[in-house]
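Student: just coords:
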């Protein structure tokens, strides 16, 4: 059967006989053609070997028509390039470097400004500057936490995020509406110190830091709140100096004077029971003595009584901070507290008003303003006296 198949194949693929050229004779000598290694010769050789009992061992032959066609790879075969190339994760190391470089200087400048305001006990500046630091640190922290960095950069990221968290906590310590005291100031300063230490650790890992500072940070004023005096608002009076004005009927003359200003940390108030009032650490009570007098009647009006200014008419100004008087009981160890009163001719009213202020407040930098109505608001500089 196999012999018949080989013979049939030889017949099918055997070349057709080539006729002799009419001009050439069969006996004419011609050069021998080179042996042709085609499918026919291969099968002929295979048949002769098979008939002679020899093993086939056919040498593979390159078929001319298939030489230039690409080989089709096996689906399960893995390319050598795929085996040799390692998969590298797409880390955000460069983004972390850029974030640290572009935010570190701004963080340091804002932290210094908050620290300056805290050391000065400038409550308004503390609130404003801490809010700026808190907002900037929170936004930067959100951007940092979403980054996926390589294992080698994890310590840098940890130091940077720790710095931002410390700045946020320090800002929150002084963002409440409660007045500053020693505990809150120390907490904020300690948080800023820790934030700066961690920021330095992250900053040291950079090769070429870029000192990028946003325009709004460049415009930061490190001078703190401007020192204001009574002359900024008009006429300046000093302690023991009278201010004269008329009542609303133009019937009586009135004088008002701030006689003294002192600081105390404690006082006693007498209600149903005696109670000691103590200022918070880092704070004090500023006592201002007020004297008001009905100087007498004038004109044809029959109005002889006057009303002294209410306690709400008095405000204390220190730099850009404004303080209102605290409420005192009628009887205290300080003496009689001041309040609005109705005075007949030549009667006087005197008493103390108290302000809860930072202990670091300087009398030379603050003044009291009294709103008398109808555009009259005299001011007294508490650091000067007659």
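Tutor: Received it, and whenever you're ready, just let me know what you need. Predicted model, so just to flag it, every value in this text is computed and none were measured.

Student: contact partners for residue 276?
Tutor: 266-268 (Cβ atoms under 8 Å, 6 or more residues apart in numbering). In short, each C-beta sits where N, CA and C put it, glycine included.

Student: select only the buried ones of those residues in PyMOL?
Tutor: To isolate the buried subset of the contacts of residue 276 in PyMOL, counting by 16 or more other Cβ atoms under 10 Å, use the following:
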select buried, resi 267
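
Student: now secondary structure, distance to residue 205 and pLDDT too, for the contacts of residue 276, in TSV please.
Tutor: Below are the contacts of residue 276 laid out as TSV (DSSP: H, G, I helix; E, B strand; the rest coil; distance: Cβ to Cβ, whole Å; pLDDT from 0 to 100):
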residue	secondary structure	distance to residue 205	pLDDT
266	strand	52	95
267	strand	55	93
268	strand	59	93
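
Student: and residue 341, how far from residue 380?
Tutor: According to Cβ to Cβ, to the nearest Å, residue 341 and residue 380 sit 20 Å apart.

Student: so where's the stretch 1-150 of the chain shaky on pLDDT?
Tutor: Residue ranges of the stretch 1-150 of the chain with pLDDT under 70: 1-88.

Student: hang on, the earlier thing: closest to residue 256 among the contacts of residue 276?
Tutor: The nearest member of the contacts of residue 276 to residue 256, counting by Cβ to Cβ, is residue 267 at 23.9 Å.

Student: so that closest one touches residue 333, yeah?
Tutor: Yes - with contacts counted by Cβ atoms under 8 Å, residue 267 reaches residue 333, the gap being 5.0 Å.

Student: okay, strands next: where are they in the stretch 101-250 of the chain?
Tutor: Under the criterion DSSP state E, counting those that start in this stretch, the stretch 101-250 of the chain contains strands at 236-239, 242-246.

Student: which helices and strands does the longest one pack with?
Tutor: What it means is strand 242-246. In terms of contacts (3 or more Cβ pairs under 8 Å, 6 or more residues apart in numbering; DSSP states H and E), strand 242-246 is packed against strand 252-264.

Student: when you compare where the strand it packs on runs with where strand 242-246 runs, what's the angle?
Tutor: Counting by axes from the mean of the first three to the mean of the last three Cα atoms, to 10 degrees, strand 252-264 points 140 degrees away from the direction of strand 242-246.

Student: now do strand 252-264: distance to the chain's middle.
Tutor: For strand 252-264, the separation from the chain centroid amounts to 46 Å (computed by Cα atoms, centre = their mean, to the nearest Å).

Student: same thing with stretch 359-372?
Tutor: Distance, centroid of stretch 359-372 to centroid of chain: 34 Å (Cα atoms, centre = their mean).

Student: who has more neighbours, residue 341 and residue 380?
Tutor: residue 380 (28 against 16; other Cβ atoms under 10 Å).

Student: how about residues contacting stretch 342-352?
Tutor: Under Cβ under 8 Å, 6+ apart, the answer for stretch 342-352 is 252, 259, 287-297, 304-308, 328, 332, 334-339, 341.

Student: go again with 7 Å.
Tutor: 287-294, 296-297, 304-308, 334-339, 341 (Cβ atoms under 7 Å, 6 or more residues apart in numbering).

Student: quick one: buried ones out of those residues?
Tutor: Applying 16+ other Cβ under 10 Å to those flags 287-294, 297, 306, 308, 334, 337-338, 341 as buried.

Student: among these, name the ones in strands.
Tutor: 287-294, 297, 306 (DSSP state E).

Student: widest-spaced pair of those?
Tutor: Spatial extent of these (Cβ to Cβ) is set by the pair 287 and 297 at 32.8 Å.

Student: please report how far the nearest residue to residue 131 once chain neighbours are set aside lies from residue 188.
Tutor: Once flanking residues are discounted, residue 131 sits nearest to residue 175: 6.5 Å by Cβ to Cβ, 6 or more residues apart in numbering. Residue 175 sits 9 Å away from residue 188, taking Cβ to Cβ as the criterion.

Student: the more surrounded of these two?
Tutor: Between residue 175 and residue 188, residue 188 has the larger neighbour count (other Cβ under 10 Å), namely 25 against 16.

Student: doesn't residue 174 make contact with the more buried one?
Tutor: Yes - Residue 188 lies in contact with residue 174 (Cβ atoms under 7 Å); the separation is 4.9 Å.

Student: what pLDDT does the residue nearest to residue 131 get?
Tutor: On pLDDT, residue 175 comes in at 82.

Student: got the contact list for it?
Tutor: Residue 175 touches 127, 130-131, 134, counting by Cβ under 7 Å, 6+ apart.

Student: would you mind putting the residues you listed into TSV with distance to residue 144 and neighbour count alongside?
Tutor: Below are those laid out as TSV (distance: Cβ to Cβ, whole Å; neighbours: other Cβ atoms under 10 Å):
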residue	distance to residue 144	neighbour count
127	26	18
130	20	25
131	20	14
134	16	20
